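J.: sequence first, then the predicted structure, then my questions.
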Amino acid sequence: MLELACGSGEITRKLHQDGFELTALDLSAQMIEKALEKSPEITFLCRDMKDLSGLPMYPAIACLCDSFNYILSEQEVEDFFEEVADHLAPDGLFFFDTHSLDRLQEFAEEWNETGVFEDGVGYQWSILCEDQWLYQDFAFYGCDGHVEQEHHLQRVYDPAWLEKALTKRFDIVDVYTDFHLPGIQNGEKYFYTVRKKEKQ
């Protein structure tokens with residue numbers, strides 16, 4: 001199995017414990033370093049999930065935890081789906097999640113959260129939606145006075161458009177909203193399972 005945008009490898013580690021043989025990649029060298037600390041026996045690669053050139057074919061590919069929403073244009077999504085399909089074995093499965101359209105309504109007005117982690121690090125988190133864009137800003141306040149800031153931009157796609165883009169290369173096996181609600185309905189996330197189409 002190939003996991004795209006694996007972050008610090010927490011899901012990778014759990015999949016490995018369940019018996020999956022994994023290759024995982026992430027664009028961030030820092031995330032790959034953290035992942036290797038947790039699971040040195042797993043193959044981790046530092047590379048862009050939109051470019052899988054040189055990698056073999058896999059029975060399954062996964063892109064989880066909002067990672068898909070960092071692809072910011074429809075053309076990039078089309079190219080990404082083609083890249084994934086090209087690296088799936090015949091009948092291979094692709095799993096990914098994406099924000100629902102409800103997120104755009106949920107954060108039409110800015111949402112803010114503040115708190116403190118168990119290690120004493122404080123944080124501030126704000127989310128705001130505008131059109132199809134989701135803006136997230138984080139600030140982390142270390143116990144030593146150091147402040148780390150992150151700015152994230154994600155795009156939310158209409159599931160009707162996603163279906164058209166997917167079905168050029170995949171058959172949609174299942175779609176669930178918030179893990180357990182069948183189909184596209186009110187909720188925070190859509191979870192897709194799609195199968196590579198046979199070449200005609």
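T.: Thanks, I have the structure now. Numbering: from 1, shown residues only.
J.: low-confidence stretches in this structure?
T.: 200 (pLDDT under 70).
J.: just the helices from it, written as ranges.
T.: Taking DSSP state H, the helices of the chain run over residues 10-17, 29-38, 74-86, 102-106, 159-166.
J.: quick one: closest of those helices to Asp51.
T.: Among the helices of the chain, the nearest to Asp51 by C-beta to C-beta is helix 74-86 (7.1 Å). The C-beta positions use only the backbone N, C-alpha and C, and glycine is treated the same way.
J.: buried residues in the closest one, which are they?
T.: Val77, Glu78, Phe80, Phe81, Glu83, Val84, Ala85 (16 or more other C-beta atoms under 10 Å).
J.: the spatially closest residue to the last one that is not a sequence neighbour: neighbouring residues, count only.
T.: With C-beta to C-beta, 6 or more residues apart in numbering as the criterion, Ala85 has its nearest non-adjacent residue at 4.1 Å, and that residue is Arg169. Applying other C-beta atoms under 10 Å, we find 18 other residues in the vicinity of Arg169.
J.: how about Arg169, what does it touch?
T.: Contacts of Arg169 were listed using C-beta atoms under 8 Å, 6 or more residues apart in numbering, and they are Phe81, Glu82, Ala85, Lys196, Lys197.
J.: possible to save the residues you listed as CSV with distance to Thr177?
T.: As requested, those are exported to CSV (distance: C-beta to C-beta, whole Å):
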residue, distance to Thr177
Phe81, 21
Glu82, 26
Ala85, 24
Lys196, 24
Lys197, 24
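J.: OK, contacts around Gln149?
T.: Neighbours of Gln149 in contact, by C-beta under 8 Å, 6+ apart: Asp137, Phe138, Ala139, Phe140.
J.: Thr98 too?
T.: Asp66, Phe68, Asn69, Val156, Tyr157, Leu162, Lys189, Tyr190, Tyr192.
J.: please report how far the first one lies from Glu21.
T.: Okay, so that is Asp66. From Asp66 over to Glu21 the distance is 25 Å, taken as C-beta to C-beta, to the nearest Å.
J.: the more surrounded of these two?
T.: Shown here are Asp66 and Glu21; by other C-beta under 10 Å, Asp66 has more neighbours (18 against 11).
J.: what residues are up against the more buried one?
T.: The contact partners of Asp66, taken as C-beta under 8 Å, 6+ apart, are Asp97, Thr98, His99, Gln154.
J.: of those, grab the buried ones for PyMOL.
T.: To isolate the buried ones among the contacts of Asp66 in PyMOL, judged by 16+ other C-beta under 10 Å, type:
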select buried, resi 97+98+99+154
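J.: can the contacts of Asp66 go into a markdown table with extra columns for distance to Phe107?
T.: Formatted as a markdown table, the contacts of Asp66 follow (distance: C-beta to C-beta, whole Å):
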| residue | distance to Phe107 |
| --- | --- |
| Asp97 | 17 |
| Thr98 | 15 |
| His99 | 10 |
| Gln154 | 11 |
